[in-house]
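Visitor: Make a model of this:
(chains A and B)
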Protein chains: 2
Amino acid sequence: MRELGLTIDKIIAGDVRTASRVISFAENEDARAAHILKALFAHTGRAKVIGITGAPGSGKSTLTDKLAKEMRRRDKKVGIVAVDPTSPFTGGAILGDRIRMSSLATDPGVFIRSMGTRGQLGGLAKNTMSAVRILDAFGCDYIFIETVGVGQSEVDIIKLADLVLIVNVPGLGDDIQAIKAGLMEIGDIMVVNKADKEGADRLVIELETMLDFRGEQEGLRPPVLRTIAQDGEGVPTLCDQIDIHFEHNQKIGLLEKRRRRNLRLEVENLLLDRFTRRMRQVITAADEMDNLTESLYNRETDPYTVAETLGESMKLP
Amino acid sequence: MRELGLTIDKIIAGDVRTASRVISFAENEDARAAHILKALFAHTGRAKVIGITGAPGSGKSTLTDKLAKEMRRRDKKVGIVAVDPTSPFTGGAILGDRIRMSSLATDPGVFIRSMGTRGQLGGLAKNTMSAVRILDAFGCDYIFIETVGVGQSEVDIIKLADLVLIVNVPGLGDDIQAIKAGLMEIGDIMVVNKADKEGADRLVIELETMLDFRGEQEGLRPPVLRTIAQDGEGVPTLCDQIDIHFEHNQKIGLLEKRRRRNLRLEVENLLLDRFTRRMRQVITAADEMDNLTESLYNRETDPYTVAETLGESMKLP
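Guide: As a prediction, this is how the structure comes out:
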């Protein structure tokens, strides 16, 4: 108990090693994480959490680094949580140790962490949320969550972040073009990165047109901003826009509304996680599971009936 | 009951309209779907199910179309299930009506269907599995599941398919390069599409090298095959390889092993789905949920404690 209090105090005091260790506990599903996160929760809610997403190859990582640098210049403490797709076999993060790539690694005012998504269920949500919360208590003013890929995790980002940036880039294929349309709906700020590349002007027009057709939504119309992340061009303006959005959303109550919604979704996610563990235990322990699989394979029963039977034996309400 | 029997008979007889209607039932979570799928299950297990995945822009759709065409030439009946990322707001598939794009639309021996992923939980798995099963009973010899994106859904494809094709393409960015490493592990056959583009040779060498370092796995070493899907080049060889893999995996028992595993995972997925619905009901009905959210927002309690309390009130075992 005293140790728990000490850990909390250290995180709040901004002790990097303690924060890192607790994030690892959370990632490894170490039982200690739950106690610490419970106790930390009261010390959170201050950080501005910004989700950054977009197609692969759009330069998200570079842009995130430059955003962090600019926020540091403004004397803000910054956290970066980079979500990597996790290998389904090794469980390791595919993109590897992002820290080595970053020019921010030596700045004590920036905390960078790569997280694997781990398995199918709420992987992004649960571990990333834990990391964000720890960085929040740790005293970060801004926390950037960067996600890779164009799958469901992109869409899930709205459940974790206060504000969402969509990074676009000229000259990608049709698949990505189409996916963009989906991401439009969740973006608060549209970025056209690599704005010096051919097709950037057309992309800006396209995005503006898509925004014209976007349904009525709360908050400011998303601005379309040009950046060249490599050179830092457009990054200060982007930081200004982030602040403008936070200010506006706070004023109209949208920030609070989103945070309430996200807390609710987090509870759902934790419940699901609990259930999943329990289910896996039941299924693994079920003597009859091998027989059931056998019957399924031989088409003597069907998966729907088996799920019903197991659900009842688990006293699923 | 008589109507159910009639529906089953029609699907087995290869009636397109009935098959389409039942897939729509499944997609819309219509109660009729469950009964039909239960009854259909006994008539499934014959089709060869092939997952096709890879980075956006790799030309998966074109390749899938050409594979279908080649299989038609070989007098096989073909199904294509194209999984689209679903808009989190409208619920509609983002990539739109794929049928219009396909040159196969007029061939009665090919059944093409686009599916949205719908929400976070097992969206891919459940609806896609339903569609695959219906097409299996419908008499398709080969069913191609094509997924878009590089998120979790790519990795989930192994839970649905007998065999997985990874489509690679020269000249993509670093993000994608890294993701490829993750996909390597789940691929049975590697395709280098757009093989006439610069960098194709290097990509083939890279992939071969990555395969050298891949851990010991059951089945054949994945071949790296060149295609130019646009012109159909390399597609007959790819079809041959698909058949070779099926034959080999059947002989060594790997096909059966995967199918058993997938049936088991499907049961898990159905259980989770059941639980999620129940949980949403409880949460929506909970008078106290608004109060709980309020307490959470004010940091008077924490999400972990709330989830525990709700879990107990739901008699979660």
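
Visitor: and the nearest residue to A:Leu63 once chain neighbours are set aside, how far is that from A:Glu208?
Guide: Distance criterion CB to CB, 6 or more residues apart in numbering or on different chains; nearest residue to A:Leu63, sequence neighbours excluded, is A:Ala229 at 4.0 Å. C-beta coordinates here come from the backbone N, C-alpha and C atoms, glycine included. Separation of A:Ala229 from A:Glu208 (CB to CB, to the nearest Å): 21 Å.

Visitor: Which one's more surrounded, those two?
Guide: Between A:Ala229 and A:Glu208, counting by other CB atoms under 10 Å in any protein chain shown, A:Ala229 is the more crowded of the two (25 against 14).

Visitor: What average pLDDT does the regular element (helix or strand) spanning A:Val49 get?
Guide: Per DSSP states H and E: A:Val49 is located in strand A:48-54. Averaged over strand A:48-54, pLDDT sits at 92.

Visitor: still on that earlier bit, contacting residues around the residue nearest to A:Leu63?
Guide: By CB atoms under 8 Å, 6 or more residues apart in numbering or on different chains, the residues touching A:Ala229 are A:59, A:62-63, A:65-66, A:193-194, A:235.

Visitor: Number of residues surrounding the closest residue in space to A:Asp162 that isn't next to it in sequence?
Guide: Among residues not flanking A:Asp162 along the chain, A:Val49 sits closest, at 4.8 Å (CB to CB, 6+ apart). A:Val49 has 25 neighbouring residues, counting by other CB under 10 Å.

Visitor: now do A:Asp201
Guide: The tally of other residues near A:Asp201 (other CB under 10 Å) stands at 12.

Visitor: State the distance from it to chain B.
Guide: As judged by CB to the nearest CB, to the nearest Å, A:Asp201 and chain B stand 21 Å apart.

Visitor: Check the average confidence over the host helix or strand of A:Lys38, would you?
Guide: Under the criterion of DSSP H and E, A:Lys38 resides in helix A:31-40. What helix A:31-40 shows for mean pLDDT is 92.

Visitor: touching chain B at all, that helix?
Guide: Yes - Helix A:31-40 lies within reach of chain B by CB under 8 Å from any CB of the partner chain, at A:34, A:37-38.

Visitor: Next, format those residues as CSV and append neighbour count.
Guide: Output for those, formatted as CSV (neighbours: other CB atoms under 10 Å in any protein chain shown):
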residue, neighbour count
A:Ala34, 16
A:Leu37, 21
A:Lys38, 16
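
Visitor: between those residues, which is closest to A:Glu294?
Guide: A:Glu294 lies nearest to A:Ala34 out of the residues of helix A:31-40 next to chain B, by CB to CB, at 37.8 Å.

Visitor: Quick check: closest non-adjacent residue to the closest one.
Guide: Using CB to CB, 6+ apart, the closest residue to A:Ala34 is B:Tyr304 (6.0 Å).

Visitor: Phi and psi next, for that neighbour.
Guide: Dihedral pair for B:Tyr304: phi -70, psi -40, per degrees, to the nearest 10.

Visitor: could you check the distance from A:Ser58 over to chain B?
Guide: Separation of A:Ser58 from chain B (CB to the nearest CB): 8 Å.

Visitor: Can you verify my assumption that that residue contacts A:Val167?
Guide: Yes - shown here, A:Ser58 and A:Val167 form a contact pair, counting by CB atoms under 8 Å, at 4.4 Å.

Visitor: Between the two, which contacts overlap?
Guide: A:Asn193.

Visitor: so who does A:Ile12 touch?
Guide: By CB under 8 Å, 6+ apart, A:Ile12 lies in contact with A:43, A:137-139.

Visitor: mind redoing it with 6 Å?
Guide: Under the criterion of CB atoms under 6 Å, 6 or more residues apart in numbering or on different chains, the contact list for A:Ile12 reads A:43, A:137.

Visitor: I figured A:Leu183 hits A:Val164, correct?
Guide: No - checked against CB atoms under 6 Å, the pair A:Leu183 and A:Val164 is beyond contact range at 8.6 Å.

Visitor: Wait, a helix at A:Val191?
Guide: No - per DSSP: H, G, I helix; E, B strand; the rest coil, A:Val191 lies outside any helix segment and is strand.

Visitor: nearest spatial neighbour of it, skipping sequence neighbours?
Guide: Computed as CB to CB, 6+ apart, the closest residue to A:Val191 that is not its neighbour in sequence is A:Val167, at 4.9 Å.
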